[in-house]
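Q: Dropping a prediction and its sequence here:
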Protein chains: 4
Amino acid sequence: MAKPDVFEEHCWKDVIPPEDLETYSPYARETYIGENPAMLCIDLYNLVYKGGSGKPHDLDSQYPNSCGIYAHNALEPTKRLFAATRAAAVPIYYVTAQFNPHRVQSTRRSRIKMTAHDCDIHDEFAPEPEDVVFRKERPSAFFGTPLIAHLNQRRIDSLIVCGESTSGCVRASVLEAHMYGLHVTVVEECVFDRAEIIHKVSLFDMHHKYADVMKLDEVEVHLKGINPQKTKVA
Amino acid sequence: MAKPDVFEEHCWKDVIPPEDLETYSPYARETYIGENPAMLCIDLYNLVYKGGSGKPHDLDSQYPNSCGIYAHNALEPTKRLFAATRAAAVPIYYVTAQFNPHRVQSTRRSRIKMTAHDCDIHDEFAPEPEDVVFRKERPSAFFGTPLIAHLNQRRIDSLIVCGESTSGCVRASVLEAHMYGLHVTVVEECVFDRAEIIHKVSLFDMHHKYADVMKLDEVEVHLKGINPQKTKVA
Amino acid sequence: MAKPDVFEEHCWKDVIPPEDLETYSPYARETYIGENPAMLCIDLYNLVYKGGSGKPHDLDSQYPNSCGIYAHNALEPTKRLFAATRAAAVPIYYVTAQFNPHRVQSTRRSRIKMTAHDCDIHDEFAPEPEDVVFRKERPSAFFGTPLIAHLNQRRIDSLIVCGESTSGCVRASVLEAHMYGLHVTVVEECVFDRAEIIHKVSLFDMHHKYADVMKLDEVEVHLKGINPQKTKVA
Amino acid sequence: MAKPDVFEEHCWKDVIPPEDLETYSPYARETYIGENPAMLCIDLYNLVYKGGSGKPHDLDSQYPNSCGIYAHNALEPTKRLFAATRAAAVPIYYVTAQFNPHRVQSTRRSRIKMTAHDCDIHDEFAPEPEDVVFRKERPSAFFGTPLIAHLNQRRIDSLIVCGESTSGCVRASVLEAHMYGLHVTVVEECVFDRAEIIHKVSLFDMHHKYADVMKLDEVEVHLKGINPQKTKVA
């Protein structure tokens, strides 16, 4: 619901040069959340919070794949987003990493040792009984899971996305949601990565290609306007 | 076939900060081309060359979506890549935009007028009778096309990717190829975009997540080593 | 909208033994058409009508893959179905065979010679400008086409299916529609095959697994109740 | 490896009329197993064996969805198939039902109560540590699982299929394998259903459309000819 004139008022303004912003100016439009949304929470698992709120390059040797400070900065906004989503009775879907000796490799990184606990959802965002949790082996939340069938059976037409990493599983899931014909909103403060430059450029790319990147404040206002009694749950 | 110690010797070195390169250093590995590769040529259509070799932000008002200088800089390397690929009898698959009044919108940009000619492959890269051309409506070459069936029927295990845009259809196709279990090589000089920063960051992301970004010289050497008599064509 | 007590009142009653009908009796339920349906017309192409209304085993040597009498028997019912669908302004999607020297083989039959005309939609069912037509290489209307994206973008929640063959492309498409989470109605008189036994058993299977097989009369009544002004077309 | 002249020497001969066999005679061809196969074991879970070897219509009220006699008849052949497959070091993939309160409905049957044990693999076919097991919510083994990625990463080009039900999850999986471009062999004695007519007609359909239905004896001979030392396991 942000107007076209604030279309570029986002965290990427300090990394995208003015000439490139000009090239992309015809993409400016009003952003919005769809009529019958669900929330998709991507890879909010323990591993990415490990080692506390340091910089990932300091943490990586001891806590590989931790998002450190970026994960911890997103904790409070994501708690606010969960509260607003639950209050609106918007259905919540989680994806997290499959923990399995035979899973296919999800990135090109040399394999890191993970425990079952590493792959579990962080306690702050523990699923409720009515939530649906999928385990995945590939970056996209749609690939190798029945997510699209669940969304269609409930006639979900749009997603509100949070989680990590912005350039990896979030972007892959946003791309596939867009390809399947869903409207996608990415909540800026509630997605994170291991490096600022790739976080910001990925948000810029998604905003101009596949999704509406929106501020948490806007999303909260929208969710407060939803009457839970009227929410369609098939 | 580049060694791990030159893993970061690519165009993105001037945009990725040293600390982030450190975070990603455990991804260093030897790069390679698969055993039974095909070439995938993404959106080498007329539209992106229009207006000549200016900067996209200067061209966009008159030639929307042109990649200008970046498209034209890739012409010679891509011609070299095609020559080497044809000499090695490696099969070639193209995807280009569907030209159709009913196609679904592929990005969030306000729709631009396109002609049938805009969507045709550039003359320099005109398909030969033995090549396969798919029309697509969505960013990934796999979504809404039977590409994966063609690759599996010919027992292709890997792709050599060229075309545009790096951050859009190339990245989406590379992601899906990776998710399907194929090894992917992206030829650095033969992919292009409308802005340097997103081109470089997308290459960095793909190299660390889904693909081996390789130099044209290396790819040419590899292709020259393939004996066309032994190439399996089912 | 047929009641559970007539759940088995269909053409398969003479081929499914009573004991098996008993085994499947817990599947009895009320059948219906979804809230925001589209029609999916599968492979109504010239090839299957060739040679007139003979029996397929008499026609096959001269007109390979013709459905003969079964195709011609379905002509009038299918014209009625199209009339009712157009009157209700329900969107119409067609799939037909890709005509292309490089297409992958769609069945295990030794390849038959087809002309471009063979693959075109029969004149009686010629698409209107507002209809969407996809070319496919594989049995399912969803595999290798962007159909699911089109349906989701228009918020279609259900399909009304006609065409051929019941045991081949119709069944494959119905299965995939069901897997994607859509409600599916198959119009009994408007689907056909090359052999009665496989036509009837496939309808039985779909009815108990993936779809509501309904009579044309019922479907017509339902379509007449749709107010075209209120039909959602995004 | 059966010759074309015995192409119809299968269990369906007593249900497919001679005229229809004539219609399908151009499909006759030599059957075979692919070069680098995997075995796919579909829904060999406890539920379908419950109640012993009675007729399904007698068992259904007490043991809903049991395949009774047909499941039990397949026990010995399937054990022989497993033994030959393991001896040849051919990789084994299982799919079984997801046990989860939130799973989407897989057929149109009124939901039946299932326990976690019902969805576990039968003890006779218990997976070994090197096997891969997927849980699925939809009929096809490919839909909502990363199976295709696993197969491609190991360069599997063909499947040997056993399990149930012939007309349901087996047929759906065989269809999707075929659409993805894999060669498929169905082992006649090692697939089963709840009704003979739909079992036989589904085998007939698959044999003429998507797969080579082969006898266990032939498959055993083939597997004995595979040198486990040379089996490619990536």
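A: Now that the structure is in, tell me what you want to look at. Residues are numbered from 1 along each chain as shown, chains lettered A, B, ... in the order given.

Q: for chain A, which strand is longest?
A: strand A:183-192 (DSSP state E).

Q: Give the other helices and strands that that strand contacts.
A: When contacts are defined as 3 or more Cβ pairs under 8 Å, 6 or more residues apart in numbering or on different chains; DSSP states H and E, strand A:183-192 sits against helix A:68-73, helix A:75-87, strand A:158-164, helix A:171-179, helix A:196-209, strand A:212-214, helix A:216-224. Quick note: C-beta positions are derived from backbone N, CA and C, even for glycine.

Q: Direction included, what does the third one pair up with?
A: According to DSSP bridges, the neighbouring strands of strand A:158-164, each with its direction, are strand A:37-42 (parallel), strand A:183-192 (parallel).

Q: Just the CA trace of that strand, in PDB.
A: Extracted in PDB, the C-alpha atoms of strand A:158-164 (Å, rounded to 0.1, in the frame of the first residue of the first chain):
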ATOM      1  CA  SER A 158      -0.600 -14.300  -1.900                       C
ATOM      2  CA  LEU A 159       2.300 -14.700   0.500                       C
ATOM      3  CA  ILE A 160       3.900 -12.600   3.200                       C
ATOM      4  CA  VAL A 161       7.500 -13.800   3.400                       C
ATOM      5  CA  CYS A 162      10.000 -13.600   6.200                       C
ATOM      6  CA  GLY A 163      13.200 -15.600   7.100                       C
ATOM      7  CA  GLU A 164      16.500 -16.200   5.500                       C
END
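
Q: residue nearest the centroid of chain A?
A: Nearest residue to the geometric centre of chain A (Cα atoms, centre = their mean): A:Cys162, 2.8 Å.

Q: still on that earlier bit, what's the offset of the longest strand of chain A from the middle of its chain?
A: Centre-to-centre, strand A:183-192 and its host chain are 5 Å apart (Cα atoms, centre = their mean, to the nearest Å).

Q: With stretch A:95-103 instead?
A: So, by Cα atoms, centre = their mean, the centroid of stretch A:95-103 is 19 Å from its chain's centroid.

Q: Is that stretch in proximity to chain B?
A: No. Contact between stretch A:95-103 and chain B is absent, the nearest approach being 12.0 Å (criterion: Cβ under 8 Å from any Cβ of the partner chain).

Q: which residues sit against that stretch?
A: Here stretch A:95-103 makes contact (Cβ atoms under 8 Å, 6 or more residues apart in numbering or on different chains) with A:40-45, A:47, A:106, A:114-116, A:118-121, A:133-137, A:141, A:145, A:147, A:169, A:173, D:129, D:132, D:146, D:150.

Q: list the buried ones in it?
A: Within stretch A:95-103, the residues that count as buried by 16 or more other Cβ atoms under 10 Å in any protein chain shown are A:95-98, A:103.

Q: With just CA atoms, put it into CSV.
A: Only the C-alpha atoms of stretch A:95-103 are listed here, as CSV (Å, rounded to 0.1, in the frame of the first residue of the first chain):
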residue,chain,number,x,y,z
VAL,A,95,9.9,-24.5,5.7
THR,A,96,13.1,-25.6,7.3
ALA,A,97,16.1,-27.8,6.3
GLN,A,98,15.6,-31.5,6.0
PHE,A,99,17.9,-33.3,8.4
ASN,A,100,18.8,-36.5,6.7
PRO,A,101,22.0,-38.2,5.8
HIS,A,102,20.8,-38.7,2.2
ARG,A,103,19.6,-35.3,1.3
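
Q: want to throw the helices and strands packed on strand A:183-192 into a markdown table with mean pLDDT and distance to C:Asn65?
A: Below are the helices and strands packed on strand A:183-192 laid out as a markdown table (pLDDT from 0 to 100; distance: least, Cβ to Cβ, whole Å):
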| stretch | mean pLDDT | distance to C:Asn65 |
| --- | --- | --- |
| helix A:68-73 | 98 | 58 |
| helix A:75-87 | 98 | 53 |
| strand A:158-164 | 98 | 43 |
| helix A:171-179 | 98 | 33 |
| helix A:196-209 | 98 | 42 |
| strand A:212-214 | 98 | 48 |
| helix A:216-224 | 97 | 54 |
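
Q: Run through the residues of chain A sitting next to chain C.
A: A:148-153, A:155, A:157, A:179-182.

Q: Now the buried members of those.
A: Among these, those buried by neighbour count (16+ other Cβ under 10 Å) are A:148-153, A:155, A:157, A:179-182.

Q: Tell me where the model's unsure across chain A.
A: By pLDDT under 70, the low-scoring segments of chain A are A:104-111, A:229-234.

Q: For A:Ala141, which residues are in contact?
A: Here A:Ala141 is in contact with A:40, A:42, A:93, A:95, A:134, A:147, A:169, A:172-173, A:176 (Cβ under 8 Å, 6+ apart).

Q: Looking at the residues you listed, spot the one nearest A:Cys190.
A: Proximity to A:Cys190 was ranked across the contacts of A:Ala141 by Cβ to Cβ; first place goes to A:Ile42, at 10.1 Å.

Q: Tell me the bridge partners for the closest one.
A: Beta-bridge partners of A:Ile42, counted by DSSP bridges, are A:Val95, A:Gly163.

Q: Next one: it from D:His102, what distance?
A: 18 Å (Cβ to Cβ, to the nearest Å).

Q: swap in A:Glu9?
A: 38 Å.

Q: that older thread, dump the C-alpha coordinates for the longest strand of chain A into PDB.
A: Taking Å, rounded to 0.1, in the frame of the first residue of the first chain, the C-alpha atoms of strand A:183-192 are listed here in PDB:
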ATOM      1  CA  HIS A 183       1.400 -12.200  -5.400                       C
ATOM      2  CA  VAL A 184       4.300 -11.900  -3.000                       C
ATOM      3  CA  THR A 185       5.100  -9.400  -0.200                       C
ATOM      4  CA  VAL A 186       8.600  -9.500   1.400                       C
ATOM      5  CA  VAL A 187       8.800  -7.900   4.800                       C
ATOM      6  CA  GLU A 188      12.000  -5.900   4.600                       C
ATOM      7  CA  GLU A 189      13.000  -6.000   8.300                       C
ATOM      8  CA  CYS A 190      12.200  -9.700   8.600                       C
ATOM      9  CA  VAL A 191      14.500 -11.200   6.000                       C
ATOM     10  CA  PHE A 192      18.200 -11.400   6.500                       C
END
